[in-house]
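1. after the sequence you'll find the predicted model.
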Amino acid sequence: MRILGIETSCDETAAAVVEDRRVLSSVVLSQAVHSDFGGVVPEIASREHIKAIVPIVGSALDEAGTGLEAVDRVAVTVGPGLIGSLIVGVAFAKSLCFATGKPLLGVDHIESHVAANYVAFGEIPEPFLCLVISGGHTHLFIVEAPLSMKLVGSTLDDAAGEAFDKVARMLGLRYPGGPEIEREALGGDPRAIDFPRPVLQEGYDFSFSGLKTAVKYFVDRHQGEVSPGLRADIAASFQQAVADVLVEKTLRAARNLDVRSVSAVGGVASNSFIRGQLAHGAAAVGLKTLLPPPDLCTDNAVMVAMTGLLHVASGRTSDPSISPYSTMSYPRA
Ligand code: KG4
Ligand code: ZN
């Protein structure tokens, strides 16, 4: 089964070809234009997808050494995400299917992030816990089977990646903020500033807005005069606070739900410091860590094609008239 995956939910235009869980190609174009604006501008994102979609899908097919006729299904992200961006990918995938008669598979973006685990590790003994930490989402799921996951916790306010992006902006760093903070933090002391760890001891939900505000007050107290050394300390201390909350809650959930493996996916899970903290914390209590490589954590189309494969394996089909959605609520555990 050969599947073409297409991803346009935010600011990456991506396409990939996967055959029976083997990755034949993966092409990702990250829209650099947003860095001038400090965040993704939805209208610009849609236009950039329109410009990129044909060459990116063409490159993915070329790289895989296949023509469209040798593809069995087309999988596309239908949501959640920016509606204008999603429309570009969905309309394009629909037209490919209409022209070729191939079946269309509409896949969920969050399920796709989780499916990155099946690309990286093949068969995984379920249940496992999976943190989906990205620019728009902070979810902790218990995955009971491929495509069957229940929400254990989620963010009450900002997503983890959004907090990285906003703090980066406060520090005069560019968008996307996550990689910038990670780089800055390398030269800083993570214990220099004791930023709050919101709702650390309560339940499994997350909250990052208080932490973000604490960083803002700290920066304001220095009236914008943040030296390079202090900036590195702020970045490192902020990153440590985020890591502490993510790791503590995930490990507590693993203990209480009697789960033996923990995973993290999504853009924030490409952060080496957070990966290290989770792996270290999990190993200390005898848990296995599943961390797909960074390029499978950030938005990509391999995970979309893999989710398409999982749809086929489970007998799920999509209506050819599927419509994009901007938000989705997942069943609670
Ligand atoms: O999963 P993703 O590529 O797109 C969404 O579905 O949102 O995640 C993008 C988010 C952005 O907020 C970005 O700042 C963050 O992931 N991110 C990082 C790192 N790389 C990307 N956050 C922390 N550290 C990183 N190295
Ligand atoms: Zn994503």
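-> Nice, thanks for sending it over. Because the structure is a prediction, the values reported are computed rather than measured. Ligands and ions are numbered 1, 2, ... in the order given.

2. what are the phi and psi values at residue 77?
-> phi -70, psi 120 (degrees, to the nearest 10).

3. what of residue 22?
-> Dihedral angles (degrees, to the nearest 10) for residue 22: phi -100, psi 130.

4. can you get me a residue count around it?
-> Neighbourhood size, residue 22 [other Cβ atoms under 10 Å]: 9. The C-beta positions use only the backbone N, C-alpha and C, and glycine is treated the same way.

5. tell me what it is bridged to.
-> On the basis of DSSP bridges, residue 22 is bridged to residue 19.

6. quick one: pLDDT of it?
-> pLDDT, residue 22: 96.

7. again, but for residue 224
-> We have a pLDDT of 69 for residue 224.

8. quick check: closest non-adjacent residue to residue 318.
-> residue 106 (4.2 Å; Cβ to Cβ, 6 or more residues apart in numbering).

9. helices and strands around the one helix or strand residue 229 maps to, which ones?
-> Assigned by DSSP states H and E, residue 229 falls within helix 228-257. Applying 3 or more Cβ pairs under 8 Å, 6 or more residues apart in numbering; DSSP states H and E, we find helix 228-257 packed against strand 128-133, strand 138-145, strand 148-154, helix 160-170, helix 177-185, helix 209-221, strand 261-265, helix 272-284.

10. next, format those as TSV and append mean neighbour count, mean pLDDT and distance to residue 76.
-> Putting the helices and strands packed on helix 228-257 into TSV (neighbours: other Cβ atoms under 10 Å; pLDDT from 0 to 100; distance: least, Cβ to Cβ, whole Å) gives the following:
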stretch	mean neighbour count	mean pLDDT	distance to residue 76
strand 128-133	28	98	19
strand 138-145	21	98	21
strand 148-154	19	98	20
helix 160-170	24	96	22
helix 177-185	22	97	26
helix 209-221	16	96	33
strand 261-265	26	98	19
helix 272-284	17	98	29
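
11. export these as TSV, with columns for distance to ligand 2.
-> Converted to TSV, the helices and strands packed on helix 228-257 look like this (distance: least, Cβ to the ion, whole Å):
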stretch	distance to ligand 2
strand 128-133	8
strand 138-145	11
strand 148-154	15
helix 160-170	9
helix 177-185	12
helix 209-221	20
strand 261-265	9
helix 272-284	16
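
12. got the angle between the helix holding residue 229 and strand 138-145?
-> With axes from the mean of the first three to the mean of the last three Cα atoms, to 10 degrees as the basis, helix 228-257 and strand 138-145 are set at 30 degrees to each other.

13. closest one to residue 248 among the helices and strands packed on helix 228-257?
-> Nearest to residue 248 among the helices and strands packed on helix 228-257 is helix 272-284; the distance by Cβ to Cβ comes to 7.9 Å.

14. quick one, what contacts the residue in the stretch 51-200 of the chain that ligand 2 sits nearest to?
-> Using Cβ to the ion, the single residue of the stretch 51-200 of the chain nearest to ligand 2 is residue 134, 4.3 Å away. The contact partners of residue 134, by Cβ atoms under 8 Å, 6 or more residues apart in numbering, come to 113, 159-161, 266-268, 299.

15. which ones are touching residue 209?
-> With Cβ under 8 Å, 6+ apart, residue 209 has these contacts: 157-158, 163, 198.

16. which of the residues you listed count as buried?
-> 157-158, 163, 198 (16 or more other Cβ atoms under 10 Å).

17. on that earlier part again, most neighbours, which of the contacts of residue 134?
-> The most crowded member of the contacts of residue 134, judged by other Cβ under 10 Å, is residue 113 (32 neighbours).

18. isn't that residue up against residue 304?
-> No: counting by Cβ atoms under 8 Å, residue 304 is not a contact partner of residue 113; they are 9.9 Å apart.

19. before we move on, back to that, now do the buried residues in the helix holding residue 229.
-> Using 16+ other Cβ under 10 Å as the burial criterion, the residues of helix 228-257 that qualify are 230-247, 249-251, 253-254.

20. excluding chain neighbours, what is closest to the residue nearest the centre of the chain?
-> The centroid of the chain falls nearest to residue 266 when counting by Cα atoms, centre = their mean (2.2 Å). Nearest residue to residue 266, sequence neighbours excluded (Cβ to Cβ, 6+ apart): residue 134, at 3.4 Å.

21. please apply the same query to residue 145.
-> Closest to residue 145 by Cβ to Cβ, 6+ apart is residue 126, at 5.5 Å.

22. now for that neighbour: which residues touch it?
-> Taking Cβ under 8 Å, 6+ apart as the test, what residue 126 contacts is 143-146.

23. and what of residue 288?
-> Counting by Cβ under 8 Å, 6+ apart, residue 288 makes contact with 260-262, 282.

24. ok, now with 6 Å
-> Going by Cβ atoms under 6 Å, 6 or more residues apart in numbering, residue 288 touches residue 261.

25. pass me the low-pLDDT residue ranges in the stretch 201-333 of the chain, would you?
-> 224 (pLDDT under 70).

26. which parts of it sit against ligand 1?
-> Within the stretch 201-333 of the chain, the positions adjacent to ligand 1 are 266-268, 270-271, 298-299 by Cβ under 6 Å from any ligand atom.

27. and these, which is closest to residue 151?
-> residue 266 (14.6 Å).

28. the closest one and residue 132 touch, don't they?
-> Yes: using Cβ atoms under 6 Å, residue 266 is in contact with residue 132, at 4.8 Å.
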